[in-house]
Each structure stands twice: as C-alpha cells, then as structure tokens.
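Enquirer: what shape does this take:
(chains A, B and C)
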Amino acid sequence: MRLIRPFLASLILSLLLGLPIGAVLKAEEAPGGQEQLKELYDNETLKTWYEEYVGLEKGSGPWMDLYKPPAMHMYWMPTRHYVRPDGTYYDQLLDKYKADECVKCHEEVTPGLVRDWRSSTHAHPKKNDYFTAKTKDIEKHLDQELEEVDCSWCHGKDHKELYMPSSKHCGQCHVQQVNEWLSEKDYGRPNHPQTTEANVIVPWYPELYRMGIGSLQFGCDYCHAASEKCDICHTRHKFSAAEGRRPEACMSCHMGYDHPDAESYGESKMGYIYHMEGHDWNFDKPLADVIPGEDYRTPTCQFCHMYSVDGKYSHNTVSKGIWRMGTVPPKGMEFKSSLKDYPYGVKLPPLDHKLDIYSPESKKKRERWIEVCSNCHSPRWGRLYLENLDDVMFQVWGLQDRAQKVIEDVIAAGALDPGLDERDPYPLGDVIADALGPGLLGEPIYNAFKQTQGRLPVLGPILGVYGVFYPGKYNPSKIERWYADMWFGDKAHLYKGTAHVQQDISWWYGASKVFEKIAYIESEARMLMRAKDTDKLLKEKGRFKSMPSLGLILAGLVGIVFGAAVVMKKRS
Amino acid sequence: MRLIRPFLASLILSLLLGLPIGAVLKAEEAPGGQEQLKELYDNETLKTWYEEYVGLEKGSGPWMDLYKPPAMHMYWMPTRHYVRPDGTYYDQLLDKYKADECVKCHEEVTPGLVRDWRSSTHAHPKKNDYFTAKTKDIEKHLDQELEEVDCSWCHGKDHKELYMPSSKHCGQCHVQQVNEWLSEKDYGRPNHPQTTEANVIVPWYPELYRMGIGSLQFGCDYCHAASEKCDICHTRHKFSAAEGRRPEACMSCHMGYDHPDAESYGESKMGYIYHMEGHDWNFDKPLADVIPGEDYRTPTCQFCHMYSVDGKYSHNTVSKGIWRMGTVPPKGMEFKSSLKDYPYGVKLPPLDHKLDIYSPESKKKRERWIEVCSNCHSPRWGRLYLENLDDVMFQVWGLQDRAQKVIEDVIAAGALDPGLDERDPYPLGDVIADALGPGLLGEPIYNAFKQTQGRLPVLGPILGVYGVFYPGKYNPSKIERWYADMWFGDKAHLYKGTAHVQQDISWWYGASKVFEKIAYIESEARMLMRAKDTDKLLKEKGRFKSMPSLGLILAGLVGIVFGAAVVMKKRS
Amino acid sequence: MRLIRPFLASLILSLLLGLPIGAVLKAEEAPGGQEQLKELYDNETLKTWYEEYVGLEKGSGPWMDLYKPPAMHMYWMPTRHYVRPDGTYYDQLLDKYKADECVKCHEEVTPGLVRDWRSSTHAHPKKNDYFTAKTKDIEKHLDQELEEVDCSWCHGKDHKELYMPSSKHCGQCHVQQVNEWLSEKDYGRPNHPQTTEANVIVPWYPELYRMGIGSLQFGCDYCHAASEKCDICHTRHKFSAAEGRRPEACMSCHMGYDHPDAESYGESKMGYIYHMEGHDWNFDKPLADVIPGEDYRTPTCQFCHMYSVDGKYSHNTVSKGIWRMGTVPPKGMEFKSSLKDYPYGVKLPPLDHKLDIYSPESKKKRERWIEVCSNCHSPRWGRLYLENLDDVMFQVWGLQDRAQKVIEDVIAAGALDPGLDERDPYPLGDVIADALGPGLLGEPIYNAFKQTQGRLPVLGPILGVYGVFYPGKYNPSKIERWYADMWFGDKAHLYKGTAHVQQDISWWYGASKVFEKIAYIESEARMLMRAKDTDKLLKEKGRFKSMPSLGLILAGLVGIVFGAAVVMKKRS
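Expert: A predicted model of the protein is given here:
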C-alpha cells in the first residue's frame, strides 16, 4: 500500500479546495467565445489518478493499483483507458478508401452513426440563422471558418492516432457550456464532472475487483462515465441541443433505487402532461427563451434544474441543490443514535459535514427554487410546498435515527450474528487505515480500522452504504442490508416522490417502505437479542467465535466507528 | 376524547344512510342545465368535519381535534383549510395594476398559468360550434351571457377575499357533470367524492401526526384531495375535457402498490396500442360518440369505466364496480380462519359486509361490463374473461385465508414476538373504543379495545391494513407486515393485472408474490413457534414480558378482535 | 398414472429429435409462395398432447389427464380447447342478417373489431403497390384471386362450424413467415412455437390445478399462448406488419421479473430515443430495407433480434441466442456447489446440458451480433461489449454457486426448517418418477423421487424454479425462495439490463439485488444452523419430526437430487 499513501497526502488539497459557491455566476457573465476552457481535474493528483496513465493495466482513482479495468472502460473513460485498435482492419480498408475518406468508409462499416452525424448541426453548422450566429461566435473564438465539423475534430486526423473525445474536445468550441458544466464542482458533490471520482473512489469499487466480480459494476460505470462524456446527454453522433433539453436525456441514468427521478417526474402530473403533449413542444428554443404555458405546458428536468437566477439558465444542474441526494443527515435535529456525532471526525468530503438546510446559501437557493415554481404556481404555493418537503425529510431522518439506534443496541449487546470475526472485513478494510491515514479518517475511526483490520460494524451515512454494494461473506447481514435499503433507497423514493410531486412513489415506495424496514429491523433485532439470551441461558457463551473478539474490540478501542461504535464506547 | 363522542353519535346516520343504488340513472335522465347541484357533504356532521372550520389549527374528519394539518392542506382541501395570503405582496402590486387586472398582473407573477388559461375553453367558451352549444346551455342555466370565464368565477372578485375553488364552484356551470360525479357515493366506497373522508377517517392518519411524522402522508393527501378538486383530472388552468378523456388523466393517482391501474392498463396490449397510436386519436369527442376501432383503436380508462348502460356514459367511474379494490372478502367461501366471521359485528362501512359477487346488483353490473367488452370482443369472450377474473379472486382469497390461519395459530399459541405488552398499541388504540362506541364497533371488538387499551393483534380486512401505514414500535412485526402486503398489495397486482389483461403483473407481481408471502409467513411462523418451544424447554416461561398479559387478554376477553382473536376465543 | 407412461415413452423421441441448427437458413432460401407449410407439432405424441383432443374436459401436455383447463383456454389454445358457441344467439340474429353477412351483423355485435379489420391490409390487400406485389405472390401460391380476405378465411364459412384461427391458418397465405417462425424450434428452447409446451409441461402447472388454484396461472397462459397465436404480436383484427415491427409489439409479454426486456430496452438510451422520435419513423418498411440512422435512429427489438446474417432478416427471433434466458449454468466454470454435476443425468431438454458459450455455434452467433451492433458502433465496440456481458454472466454464476453451496450445507446438516417430512412434496412429486421414468430423469433422480415420494429438497437450475411458482405447505421455505429469486429474477435483471444497456436495471435491480439475496441467504442459513445447534444442546433431537426422515433419506438413497443432495451423498 505504499504507492497509495503519497497520493492520499494530496487528497486533502485536491478534494477540499475549491468548494466555495459563486463560480457559476462568473461563468455566466463571461463573454461567450472568449472564455478560457477550465480543467476537469484541476490539480496534479487528480490528473494522475484520472488522466495520465493510458491503458488497461491499472484502474482509475486512488485505488488504481488494486485493479485492472475491464476493456469497456476505454469507452467510458477514454482519456485514461482508451487503447487504439491495432490497425489491421483499417489497413485492409485503405485499399478501398483514402486515409481522409472517413465518412465514405464508415458509411460501409458503421452506417448508422454516419447518418446520425449527417443529420446533425455538426454536419450543417450554418443550417439556419440561429445556428449560423452560434457558429460565427465559435469561428471567432477559433479564428477559423467552419463549414462542417467532421470526424477529425473529435477523433483526430490520423486513424493510427485515433482517440475518443471527452468534454475537453467538446470544449474547444463549446467553451461556455463546458465551463458552466464544470462549475458544478463549485457546489460540492454530487455533480456531473466529479461523478467518475465518486464511482471509483469508494472502497467497495476496487474490492469487488479483488473478489473477482468487478464487471458486475458495469451499471455503475455506464452512468458515472458522465465525468468526461458529453454524449451521455447529447447522444452521438447527432449531439443535439434539442435532445438535451428533453426529459428523456436524463432518464436512463436518473432512475431507480437511489434517485427515482425519471419515475417520479415521469409519473407526476407534470410528466404525464409532457407525455401527452411533449411531442409537439418546441425544444429547439434555448431554455432562457422558453415561454411557460406556450412552448411547454409543464416543466422539464432542464427547465427547473438548469435555472440559475433572475430568469437566467446555466449548463449547471446542481446550483440550487439543498438536500442533494437526501443521504447526509441535516443539522438541527436531536438524534438519539450515533447520528448525533456524525461525521465522527471524518475529513473526507462529502462525509465531513451535516447538511445545513437553513444556511444563508441554502436560503438563497430556496428563493431561486420559488422563482422557478412561480412560473406556474403562486410564490406562496411554491414556498409552502418546499417547506413541506423539508418537513418530510426531517421526519424521515427521525425514523432513520430510530432504526440506527435499534441496530446499535444489537451491536452493543454483542448480538449481531454472524459476529465480526467470522465476517469478511469492511471493503478494503485491511488497507483503508494505512491508505487514508488519521488525517482524513479522524483518529477514532483510523484507530478502529487499524486495530480490527477492518472487522468492525459500519452503518449509516455514507460509508454504511457499502451494504448495498458489497456481497462480503456474512457482511452485511440481513439487518444491516435493510438499514442500508431504508436509508439509501426507500428514503430516496420518499424524497424524490415528494420533490417531483409523485404521490405513489412518495408514499408507497417511500414512506410505507421506510415503515416496512422499521418493522423488519425491529423484529430481526428482537430475534437476535432473543437468540443471544438463549445462548446465555444454555451457558454456551463461547459458542460463537466472534463474541470474544467483539468484546476485545470494544474494550480496546478509543475508536468511534461511524454509527454503531459510538454507542458501544459510551457503554463500555 | 369527549369532543369526538357526539360527532360519532351521528356517524351512523351520516355514513350508513343513502347507499341504495339508482341515483346515477336519475342524474343521467335529468335535463342538462336545469338540474340542482347536489351537496358533497349531505349532512351536518360531515359538513362540520369537512367544511365548516376554516384554517390550519385543526384537521379534518372525526379526529380533527387530534392533529393540525400541514400548510399544504390549504390547497388540497381548500374549502376547509384555505387561509388567505396576508396581502402585503398584493398591496405592493396595486401600485402597478388595478384590482381587476388579475390577468395582467399574473402574467408577470405566474405567467405559465395565465397562458394555460388563455388556451382553455374558459378563455374562449364559444371557440367552435360544439362549445358554443354547450356554453349556451350554461348561459341559459345561469341566465347570463358568457364571453369569457375569467379568474373571478373560481377565485372571487376581491383579492382580499380570495378563495380556492372546489367542485362546488365548478358545479355552478357544470351541474350535470358534478352531479354525476357526486352520484358515485351511491355505489359505496371507494369512490372519488368520499376519498378525502377515506383518507382522514382511518385511525392511523391522526396517529402519525401524534407521532410527529404526519407529513410523511403527503403522498396520501395529494391523491385523496380528489373529493373536492376537479383539477386533479382536468389540470388547471386549462381544465380540458379532452385531457380528462386520456388515460394519463388517471395515472398519477391510479398506480402503484394497491391499485396498479396505470401499469396494468399501460403495459397491456390495449395500453401499448394507445401508446403507439393514441397521439393521433380524437379526444375532443364526448365518450358516448366515440366510434371504437375508428376514433380509438383500443379502450381508454374512461371508455370502460365511465360507461353506464345502453350506450350511455356518465361522469361516474364506479357504477359497474363489483370486486371494488379486491380487499373485502367475498360471500360464498368456506373460510378456515376467522375470515369466516367477518365483519365481526362492525357497523362501519365499508367494514360492515362481505362482498356479494352474485347479488342481483352485481349481476346487473356484470352485464354492463360485457356490453363494454363487446365493443371489440364477442360477448361470450367478455363473459368468460370476467368469470375467469372471479375464479382468480376466489382462489387468491383462499390463499389469504390460509395465511391468516397460520398467523392466528401463532397468536393463539402466544408465540407472536414481540408480544403485545411490549408494543405500541393499535393506532389510536387508546381512544378508539370511547370514540366509536359499541354501536359502531360491535360489542366484542369494543370490549377488546376497551380492556386492552388497544394492545391487541389485528390483521385482515380492512383494519389490518394499518400494517402498511404505521411504524409503531414492534407493531406490526415482520409476519404481520407480510400478511398486510399480501392482502393489500400483492393481491391488488393479481387482481388489476388480470382485470386489465397485463399478464406479467397478474403473475409475477401478483400471484407469484402472493406465493412468496405464503413462504415467508409459514417459515416465520415456524421460527416463532420454535423459539417459543425453546423458551418452554428452558423453563423460562416468564422471560418475555408480554406472554402473561396476552394470556390475561385471552382469558378475560369476551372479545373478538377482528381476525386473529376470533380463533383464540374459540380455543380458550 | 398408467395413462401418462406411454406418452412419456415417446417423449424422448419427440423432444430430443430435430434440434440441430440450420433449418432457418434453408427456410430463407426457399422461394416465397412455393414453400410447404411446416407442422407446429411434428410428431404424433405432441399432436395428441396439443391438438387432437378438443374441448374443456382435459388439459394440454403430458399431464393433460390431471387437470381441466379454465374456459378461457379456448381462446389461448383454440386448436385444442375451442368449443363452439351453442348458437342460440346466432340463430336469433339470422332473422335480421343472412348467414354470409358476417360483417354487417358483427358491425352491430362487435363494432370495434370490424372497424379494425376494415383498416387492415386484409380488407384492402391491394391498397398500394407494395401490398399488391405481396398479394400477387400469395394469389399465385393459392391459385386464387384475392380482393378481400374476409372473416371466412380465419373462422370458416359456417357459423355453426365456427373456429378460432391458429398459425396454421395464417400459414395458408403467409407460408414463409410462419415457416421462419417455426424454425425457431431448431435453436432449442426458449422459443415462440414451443412456448405453450414450456408452460404446461412443468409439474407445478397441473399441481396448481390439483391444489384448486390453477386459474392464478392466467398470467402464464396469456403469454405462453404464443405457440399458435400470431395475433399476440400482430393484434387482431388489423394484423399489421408495421405494428409487429414496433417494440411495443413485444413488450406486454417481454417484461418483468424473469425477462425485463421492455424495461431494459425501453429505459436505455436506445429506448428513450425511440420514445422521443419513434412516432415519426417509418415502420412500413420491411426490416431488411431499413436504413439505420435514417428510417430509425436507434434499433428496435426486431431490428436486432430478427437479424439473421449478411444483412438478411428472418421471422425468427432466437437464431442468435447464446445465453438464452441466462438460467442454465455455463460450461467452463469451476463450481463448488453441486452445480458442477449439473445436469445430474437428466435427459429432458433444456435440462440436459450446460450452456457452451464458446462452442463453434455460439461463436458464429456472436459474429452475427457484432454485425448488428456495427450498424452504429464500431465492430470492436460491439465485440468488447459482448465480452463484457459474458464476464458479467460468468461472475454472477459464481455468486449463484456460492449461494447454492450455503443452502446445500444447511440441507446436509439437517438444519432446513420446516423439514422435508412436514412439507408438501415437490410439485407432482408423488407421480413424477413413475411418469417420467429413469430414462428421462436419470437413475439417481428417479430413485430419489421414487423413494421419498417427492419429499426432497430441490434447488437450482431449472427444476428449482418451482420455488417461485408453487405455494406448497412449507415448500419452499424462505431461504429456498430467496435462492430461486436470485437465480430466476435478479440474475435476469442483471443480464437483460447489461445486454440492453440499461445501467440501473443492470446494477440496482440486478447485481445489487443478487448481493441482497446473498446477504439474506447467509444470515438465514446461520439462523437455521444456530437453531439446530440449540436443539442439540437441549437434547431434544427428536423434536422436529422431519429430521429422522431426512436422515433416512440421506442414508438410503443412491440418489442425487438436483442441487442439494449431491452434497449430502458425498458426505453420507
């Protein structure tokens, strides 16, 4: 693990800097076409992790030495992993086509994508007045005329030096859009430009590779490729702005378990009106020019989430985010479980703070939301609706706290079964402490990992989510999985269902599922406690190997281990 | 609880009267435009509960003193809860706009809704011959000319006396439609006009407020607002009849867990044909004029469910309902569990009877269904299909009975864990008996609640559904939650999947899920019984505090407690 | 059971013959219009099982004597079960209409279907040049002119001899299409022409009838009727080829639990582009003429799955199937559970072999897939993507093996609870051995069934799937149900989500759900083992009746019982 340590030294610098809000507005004010393109990875550590090495021998991110990426990563993360084809096939075709006859040749090899490009604005950058004006701005910026944006702009001029484009290539011409998009980083995670980091930085990601099942994470990789692939929203090779304005552009990623946005918007009144009428709406108009009730009868994802302030729009979808994904506990609640001590000294963003719903920044964001809602609802309606959403969130965090307390009591009683000694450790539990160090983990958690080699219970905000990502032996057990599902999945349905006004998702697949998990967890906790009692009565205390070790851990630790161990410490 | 008692005295009068069938046909026969608008709440008790008090200090329904509604209730139930804005913002705008310049001002404040109205028939009530004729009827009824139905018709003429409209306001002009819609009450629950009652009358509704998590019921409130909000189906401010004829008008409420109508219709052959072709169908035509196979190639929700008889349509969606939501046990089955004694003496509709699938009324309804199906299928096909649906329902009720018996045996053996004494009581268990009295609850259930202060097991038709609505401490336990899911959710998928001819919902998310719950319940029952045996063998009978209390209850009760306790009594 | 035995004698002949690949290409090469229509059931046993008996007194398939089909089977399987209407209603109408006035009369009785037919090519077989040419081919084949294909072509000329059509009737004119469709049988199961066999041949199908809950299988029957009903894809009475080319034609069957094709395609980028733009695509073009990127911007189900080779298309959707439904274990893996011994000597296809992903046939199919992908992606992209899918599948089979081993260890320890003696036997467990004999079942499994009367644990590929189809008493138990869900449902989501590039289904409803089941199964296994230990310590070994019997079984059996018992045998 020595290789990892030096990288981590600069993790603090790389991840903790640059988070103050404000850059978006600056980006908006910059004159189009004259702006400098910003960097995706703006320090050397991140560049090393995500850009410098090219190939398929090692992965991305801080754990890059621990795994080899599957070959498809060359398309998901081309900057780092793309490997040029060996050229044999290309050489054969050179008999038939010249080296600069990309289109002619590809009309034979991959006809669909060529025709897609033919119908694009890239093929006809001056097809109408609107695009002619846009193109002239770009020409000015490039100091070059553009009659056609052909293959070479994105893939290079030499097939033997072929590359796959990233946002950096798009940004050659579309500076403002890419810079606005990069400005999402100023608002903290989650955001699009850092989504690949979010994917590969978590310890269970390389752990699954160590277990030999890393390819099962294909579903993760495909969305989290958005860090450098603009064509996730503007599908290649048409790259249509109009397509990017339609809700469907977001939906194949923003759906399901942890962010049921597609479902909750799509099945709301707004979504159904879009479904009925949207075919005839005008998506060629830039968002800032859209007349609500005329161009669109209901909002789209983009209409609300890309709204900035004072009627302006920006290619930034997170500038108004308050509850973010709803997974970080809020300030101002009296938690009874160890949630009250969150973040337990951890310094790793976004694990390093509670959410402050009522901070000045949050309040400013709230006002911008109300501006959006007021396109169609009275400002008072908007305000009350959003306050209602806050109520819902605070109340469900109360239930989360209750569930966490139940499990912490089970752990403190030594009743968790299978016990810790029999389990696979926490993902990368054997190397985490050394790799991250006490500076990032905080002393108590560092010590806990160090002394137990990662054999410790972890539940709750953010690290506890491993429970839905990791099939360790006996880890998580049923009760911990239910907790993780409640917190990461069911709560998300309640949140997004309420936020997007989809009542059945809010209730049946949100609140009622949270209640279900409470019932499961409390019943299971009872059963575990009862089994423990039975064992004691049978005078067979030594039967389960893990119990003494757990005692040892509890006795020996200074340690606070995320959720559960806080309680233990106080009792021991 | 003294306040509640007097209301309850008249509950019998208010809820049990007026259920005979027939009013719909009368409403149909009444000459359009000359009819008297009927009342939504047609007796004083209900008026008091749902109309008279205005504000946010207390809730709606019989438990109104037990909770304060969240602010959004002013929009969901405006008749009762709307609170006028304080006027400051309005006063400021008076410098710029005159008091009667609603539209001008709102074009600035809420532009989307103004444009929505501009595209409505309200803004152009004589836009074509069809609507001119309709409008003339209304003019005759009102004795007034209508060139424009402006804001004041629904919100009043004085911004300082602003109100939000309910069906009563719509009924000023649309008498026949609102009366037909009100006629749904004549067919018993569920129906639209009483859906708010259904939402707030159940004891878990106020209980969640007492627990401090009432806002989690947002999802419930938003659909159940349909009692007075016509704009749930005809979205404001367009209020389009054509929109109301499209399946999407129903879908954001009629989806999910307990009534997967959107899914089962939408993913059936009928739904997919609508999906492919519906964009080009003629929804401007009134339902009675629709030519099947020409105007529509497949039916819509409205085409089947609003069909009345002899080719006529009515704004009543429940007149042909036989199995209703499928949650009430049918007559004519030999149940082995306490289902045989349902409704256990309860007098509260719809808890006061088994369904009679073969009553003369049901048979008449069946014939009307066959009339609908025969638009496209042979009458024989329709008849056999509906008989097949009956078979499916009877068979699944048999499985429900089996599951109920398993749990009743667990309860009778005192093996339910956690025991009753350790649990939170039944929702409002501490006040239910006093509030409702033996007259409504029946002596046995009244006594059971009274003597146990609500600490008693309840499962099965309708009161057992609390299991999916209530996160009481240790209540429900896992096994009871599974039972409730089987009965309220899985059975609903089997039912609606079969009824709407969506095979995967019928099987995979219906029948197979019912089988899953049987497996879970029987395995869990075995584990509970085995744990009980273990305890006995350990001579530690006193270990779980609840057991003696349960013995006490069983011994002392005259009581029959909905499902389970019926069995116990017979054994004790 | 004597009746069944003779049929089974020829089962080997009927089911095991005729599986070599190749017929499809022949069918393609045959000159249209001159070809001979092939048989759906091409031997006498199958004819007897599926065609000869007509009525509702006994069912279909090898277990036909064990159940009576519900009346709706007359429409799902008309060849076998259709019963003509008694004629009274028809006779009454003869006063009004002549016997040959089908259309006139049905315009009154079932107007929708008549108008559907009126808009069909059947009503106007020469409506344009394209169809005129097609129709002339058919005229040549029939040696008859066709100005209108009226009711009699499919339902006969005499209402008193009315019949419902099957693929045989469609094949009178559409020989090539039906023959190509029949050629699916050459590629093994699953396929469309044998889907009814697949439905009724499994032992749980008649078992549910014996239990009195056969109608719950409506959802199964409705899809599996596809063996003889072309109108499942080309809805009656329009029978449009263009409709059959749209993804929705597949979706009401190909969705859900075990084959989430509709969801995974529909919510992929490809699906969403179809959703946004498909309304305007040209579905009148035959697939072979479709220009990708011009006629369609993304592929449809048909565009990929009906592709044959060298740019040709065939009415065969399975010719490129490699992993099929993903439910059969692949060769080349080192399984630790009894999966290594699969298929345990069973001779019943598709239970008689492991999948060979790298066989010459599979490799050839793979190349054809890459041809399809290369319409829009580079061939290298397609190849790597498909290899990635293979990786995913092999890795998840590893987890399946792990779960199976856990349960086998529970069984071997005698810790499964409830025990085998207390359970309902395996579906048809009492008659299976006699009915199928050692030739088909293999000696070990034959003996196991014979000696235990079907009271034996079965899990894993294919027979273990009963767990999601059968609510036997205590059979399956929770842990077995979870196993079956993991294998048949969750794995299917991972597979189809990955194959159709829908990331959330691949991950959240696939991989993460597989992990969930691992957690459930390992926790439950621990609890069962612990309860067993407790019993032993209590010196109450005899408490659960099943344990000695299980010992007996294990001692006495030569037998290998699918999954679990393999392990037992080795240990005993």
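
Enquirer: for the rest of this, base every contact and every neighbour count on C-alpha atoms.
Expert: Noted.

Enquirer: which non-adjacent residue is nearest the residue of the stretch 101-250 of chain A found nearest chain B?
Expert: Residue nearest to chain B within the stretch 101-250 of chain A: A:E248 (16.1 Å; Cα to the nearest Cα). Nearest residue to A:E248, sequence neighbours excluded (Cα to Cα, 6 or more residues apart in numbering or on different chains): C:Y272, at 5.9 Å.

Enquirer: all helices for the stretch 451-572 of chain A, in order.
Expert: For the stretch 451-572 of chain A, the helices defined by DSSP state H, counting those that start in this stretch occupy A:478-484, A:491-499, A:503-506, A:512-537, A:546-556, A:564-571.

Enquirer: ok, the longest one near chain B or not?
Expert: Yes: remark: helix A:512-537 sits within contact range of chain B at A:512, A:515-516, A:518-520, A:522-523, A:526, A:534, A:537, by Cα under 8 Å from any Cα of the partner chain.

Enquirer: just to revisit the earlier point, ok, now how distant is the residue nearest to A:E248 from A:A262?
Expert: Look at C:Y272 and A:A262: by Cα to Cα, to the nearest Å, they are 11 Å apart.

Enquirer: which residues touch A:G256?
Expert: A:G256 makes contacts with A:262-263, C:504-505, C:508, as judged by Cα atoms under 8 Å, 6 or more residues apart in numbering or on different chains.

Enquirer: and chain B, which of those residues reach it?
Expert: Near chain B, taking Cα under 8 Å from any Cα as the test, no member of the contacts of A:G256 is found.

Enquirer: A:A123 is in contact with A:W117, isn't it?
Expert: Yes: distance between A:A123 and A:W117: 6.3 Å, which falls inside the contact criterion (Cα atoms under 8 Å).

Enquirer: the closest residue to chain B within chain A and B:Y257, how far apart?
Expert: Per Cα to the nearest Cα, A:Q503 is where chain A lies closest to chain B, at 4.0 Å. For A:Q503, the distance to B:Y257 equals 12 Å [Cα to Cα].

Enquirer: enumerate the residues of the stretch 451-572 of chain A near chain B.
Expert: Residues of the stretch 451-572 of chain A lying close to chain B (Cα under 8 Å from any Cα) are A:498, A:502-508, A:511-512, A:515-516, A:518-520, A:522-523, A:526, A:534, A:537.

Enquirer: buried subset of the residues you listed as a ChimeraX selection?
Expert: Remark: buried members of these, expressed as a ChimeraX selection using 16 or more other Cα atoms under 10 Å in any protein chain shown:
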select /A:498,502,503,504,505,506,507,508,511,512,515,516,518,519,520,522,523,526,534
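
Enquirer: list the buried ones in stretch A:113-133?
Expert: Going by 16+ other Cα under 10 Å, stretch A:113-133 has these buried residues: A:113-126.

Enquirer: stretch A:65-79 now?
Expert: Going by neighbour count (16+ other Cα under 10 Å), the buried part of stretch A:65-79 is A:66-79.

Enquirer: which parts of the stretch 451-572 of chain A sit against chain C?
Expert: By Cα under 8 Å from any Cα, the part of the stretch 451-572 of chain A that sits against chain C consists of A:468-471, A:473-478, A:481, A:535, A:538.

Enquirer: show the buried residues in the residues you listed.
Expert: In these, burial by neighbour count holds for A:468-471, A:473-478, A:481, A:535, counting by 16+ other Cα under 10 Å.

Enquirer: tabulate these in CSV, adding columns for pLDDT.
Expert: Output for those, formatted as CSV (pLDDT from 0 to 100):
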residue, pLDDT
A:V468, 97
A:F469, 98
A:Y470, 98
A:P471, 98
A:K473, 97
A:Y474, 97
A:N475, 97
A:P476, 97
A:S477, 96
A:K478, 97
A:R481, 97
A:D535, 90
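
Enquirer: which one of those is nearest C:L420?
Expert: Checking these against C:L420 by Cα to Cα gives A:K478 as the nearest, at 25.2 Å.

Enquirer: which residues does the closest one contact?
Expert: Counting by Cα under 8 Å, 6+ apart, A:K478 makes contact with C:519-520, C:523.

Enquirer: does chain C sit close to the helix ranked longest in chain A?
Expert: Secondary structure of chain A per DSSP state H: the longest helix is helix A:379-412. No: applying Cα under 8 Å from any Cα, one finds helix A:379-412 separated from chain C by no less than 15.0 Å.

Enquirer: what do you get for stretch A:426-440?
Expert: No: residues of stretch A:426-440 contacting chain C under Cα under 8 Å from any Cα: none, with a closest distance of 14.0 Å.

Enquirer: ends of that stretch, how far apart?
Expert: 17 Å.

Enquirer: buried residues in it?
Expert: Using 16+ other Cα under 10 Å as the test for burial, stretch A:426-440 gives A:426-438, A:440.

Enquirer: my guess is A:S314 meets A:M306, correct?
Expert: Yes: contact criterion Cα under 8 Å: A:S314 and A:M306 qualify, at 5.6 Å.

Enquirer: more neighbours: the two, which one.
Expert: Neighbours of A:S314 and A:M306, each counted by other Cα atoms under 10 Å in any protein chain shown, are more numerous for A:S314; the result is 24 against 20.

Enquirer: just the pLDDT at that one, thanks.
Expert: For A:S314, the pLDDT comes out at 98.

Enquirer: in what helix or strand does the residue in the stretch 301-450 of chain A that chain C sits nearest to lie?
Expert: Nearest to chain C, among the residues of the stretch 301-450 of chain A, is A:P418, at 7.1 Å (Cα to the nearest Cα). Using DSSP states H and E, A:P418 is not contained in any helix or strand.

Enquirer: likewise for the one 10 residues further on?
Expert: Secondary structure here is read from DSSP H and E; on that basis A:L428 sits in neither a helix nor a strand.

Enquirer: against A:R481, how distant is it?
Expert: A:L428 sits 18 Å away from A:R481, going by Cα to Cα.

Enquirer: could I get the contacts of A:G256 as JSON lines with pLDDT and distance to A:I462?
Expert: Listed next are those as JSON lines, based on pLDDT from 0 to 100; distance: Cα to Cα, whole Å:
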{"residue": "A:A262", "pLDDT": "98", "distance to A:I462": "23"}
{"residue": "A:E263", "pLDDT": "98", "distance to A:I462": "24"}
{"residue": "C:D504", "pLDDT": "97", "distance to A:I462": "20"}
{"residue": "C:I505", "pLDDT": "98", "distance to A:I462": "22"}
{"residue": "C:W508", "pLDDT": "98", "distance to A:I462": "17"}
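
Enquirer: Throw the residues you listed into a markdown table and include distance to C:A226, thanks.
Expert: Supplementary listing: these in a markdown table, determined by distance: Cα to Cα, whole Å:
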| residue | distance to C:A226 |
| --- | --- |
| A:A262 | 32 |
| A:E263 | 31 |
| C:D504 | 30 |
| C:I505 | 27 |
| C:W508 | 31 |
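
Enquirer: picking that back up, distance of the residue of the stretch 301-450 of chain A closest to chain C relative to B:D417?
Expert: Distance, A:P418 to B:D417, using Cα to Cα: 21 Å.

Enquirer: of the two, which one has the most company?
Expert: Ranked by neighbour count (other Cα under 10 Å), A:P418 and B:D417 place B:D417 first, with 26 against 21.

Enquirer: shouldn't the more buried one be in contact with B:L528?
Expert: Yes: using Cα under 8 Å, B:D417 is in contact with B:L528, at 7.1 Å.

Enquirer: please name the nearest non-neighbouring residue to the closest residue to chain C within chain A.
Expert: As assessed by Cα to the nearest Cα, chain C sits closest to A:G219 within chain A, at 4.0 Å. If the residues on either side of it in the chain are set aside, A:G219 comes closest to C:Q503, at 4.0 Å by Cα to Cα, 6+ apart.
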